[in-house]
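Q: coords please:
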Amino acid sequence: MCRVTDLQQAVLAKNDACAHALRANLAQRGTAVVNLLSSPGSGKTALLERELVLARERGVPVAALTADLATENDAVRLARSGVPVKQVLTDGLCHLEAGMLGSHLTGWLPGDTRLLFVENVGNLVCPASYDLGESLRVVLASVTEGEDKPLKYPTAFGTAHLVVVTKTDIAAAVGFDEDAFRAHVEQVNPGVEVLLTSARTGEGAGLLLERALAAGDGGPVHAPVMAGPPQYHGHDHGGHDHHDHHDHHGPVAGAASRRGAEGTGE
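A: Purely as a prediction, here's the structure:
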């Protein structure tokens, strides 16, 4: 067991080092990463497509990288937005890692990209332990998944800078208890903002984009109690770091000590 734990800690330590370097490199070029985590079928692709369209209409240079075990279906859908999109097939790996992300950005990511949205593999276990060099970590849950989702996956929800509820247009039909969900989120991540959205009706349209832009510009970001010491520094779009910002927290610092709390399955 000790050897397994040591190996996990070594893997996460290597990832954290890669994430730190990637975050710094992207900040220098004025690019912020938004890491989107959710269970399969949460509706994050539909929501992301809407946000990408809004970004293009508003003249915000954005790009999207989407990861799946197989198929390029999500990339095809996101490409309809008209922004640069890349599909990453993980060949069975249930999460992205910082080194993997960095290698896929080389030679692809447009130089003027202000926001890079990363649609992580549909899984709330393993991806929660891996920092991707993001400046904003967003966890999504649909109204169909149950109000106790945050309690079942405390690491994912507990390290989030922002929580997004999707498919609110069917909330009444499925008996979604918003108050109970908010209470459970507050239990694992006190003070984190919860946004309500529907890709179908347009409820909450643009809110994710606004929060991402604010984070990328060096604005204050929620500091999860499960997060470690500050790692990310805001930037302007001339490539100059604002090292006086201390509200940004690396979402998975110390992840090795928490890994395994929810198992390793998908």
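Q: sec struct for the most centrally placed residue in the chain, please.
A: By C-alpha atoms, centre = their mean, the chain has its centre lying nearest to Asn35, at 2.1 Å. Under DSSP: H, G, I helix; E, B strand; the rest coil, Asn35 falls in the strand class.
Q: right, and it touches Val139 too?
A: No: contact between Asn35 and Val139 fails when scored by C-beta atoms under 8 Å: they sit 9.3 Å apart. C-beta coordinates here come from the backbone N, C-alpha and C atoms, glycine included.
Q: stretch 212-223: how far from the chain's middle?
A: 13 Å (C-alpha atoms, centre = their mean, to the nearest Å).
Q: list the buried residues of that stretch.
A: Across stretch 212-223, burial judged by 16 or more other C-beta atoms under 10 Å covers 212-213, 215-218, 221-223.
Q: likewise stretch 14-34?
A: Buried residues in stretch 14-34 (16+ other C-beta under 10 Å): 15-16, 18-20, 22-23, 26-27, 30-34.
Q: likewise stretch 83-90?
A: For stretch 83-90, burial by neighbour count (16+ other C-beta under 10 Å) applies to 83-88, 90.
Q: helices or strands next to the longest helix along the chain in the packing?
A: If you go by DSSP state H, the chain has its longest helix at helix 2-28. Packing partners of helix 2-28 (3 or more C-beta pairs under 8 Å, 6 or more residues apart in numbering; DSSP states H and E): strand 32-37, helix 98-105, helix 255-258.
Q: so which of those is the most packed in?
A: Here the criterion is mean neighbour count by mean count of other C-beta atoms under 10 Å, and of the helices and strands packed on helix 2-28 the winner is strand 32-37, at a mean of 28.
Q: great, nothing more from me.
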